[in-house]
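1. Below: sequence and its predicted model.
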Amino acid sequence: MKNELLKISLSAAVPIWIDELKRRSLAYVQERAAICGQHVAEHGDVILFKSKKRNATSDAFNRLAEGVACLAFSPGGVTIFEMHFEAQHPEAVSPTQ
């Protein structure tokens, strides 16, 4: 049940983050990927098991969604929980395209 809710939530949140990150520089996206990865590594348990600390669960979920969105800009995108996210960053488009 929790995994299904997580999948539904990510399917809504990740495209929103992708749209936001397309407006930022590619260097910013890469920097955020590292920050989000570290945050999820340290606090990922509160995504599945709600924290008693105010905003901890929503903050961890948002870092997960943002991090997945950052990874979507990688060549080939990213697959997580049987969902695939792939995006093209405006800076990564070659001038011949």
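-> That came in fine, so what should we check first? Numbers count the residues shown, from 1 in each chain.

2. Now the residue nearest to residue 78 when sequence neighbours are not counted: which helix or strand?
-> Nearest non-adjacent residue to residue 78, counting by CB to CB, 6 or more residues apart in numbering: residue 71, 3.9 Å away. Bear in mind the C-beta positions are built from the backbone N, C-alpha and C, glycine included. Element membership for residue 71, per DSSP states H and E: helix 56-72.

3. measure the residue nearest to residue 78 to residue 36 for me?
-> Going from residue 71 to residue 36 by CB to CB, to the nearest Å gives 9 Å.

4. buried set for the helix or strand of the chain with the lowest mean pLDDT?
-> Ranking every helix and strand in the chain by mean pLDDT, DSSP states H and E puts helix 45-48 at the bottom, with a mean of 88. Burial within helix 45-48, assessed by neighbour count using 16 or more other CB atoms under 10 Å, is assigned to 46-47.

5. Please list the residues outside that helix that contact it.
-> Helix 45-48 is contacted by residues 2, 6, 40, 53, 56-57, 60-61, 64 when judged by CB atoms under 8 Å, 6 or more residues apart in numbering.

6. Low-confidence ranges, the chain, go.
-> Low-confidence regions of the chain, defined here as pLDDT under 70, cover residues 1-2, 94-97.

7. Let me see the ranges of the strands in it.
-> 78-80, 83-85 (DSSP state E).

8. Mind putting those into JSON lines with distance to residue 24?
-> Formatted as JSON lines, the strands of the chain follow (distance: least, CB to CB, whole Å):
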{"stretch": "strand 78-80", "distance to residue 24": "18"}
{"stretch": "strand 83-85", "distance to residue 24": "17"}
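
9. Kindly reformat the ones you listed as a markdown table containing mean neighbour count.
-> Below are these laid out as a markdown table (neighbours: other CB atoms under 10 Å):
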| stretch | mean neighbour count |
| --- | --- |
| strand 78-80 | 15 |
| strand 83-85 | 14 |
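
10. of these, which approaches residue 18 most closely?
-> strand 83-85 (7.1 Å; CB to CB).

11. Sheet partners, orientation included, of that closest one?
-> Strand 83-85 pairs in its sheet with strand 78-80 (antiparallel), by DSSP bridges.

12. Appreciated, that's everything.
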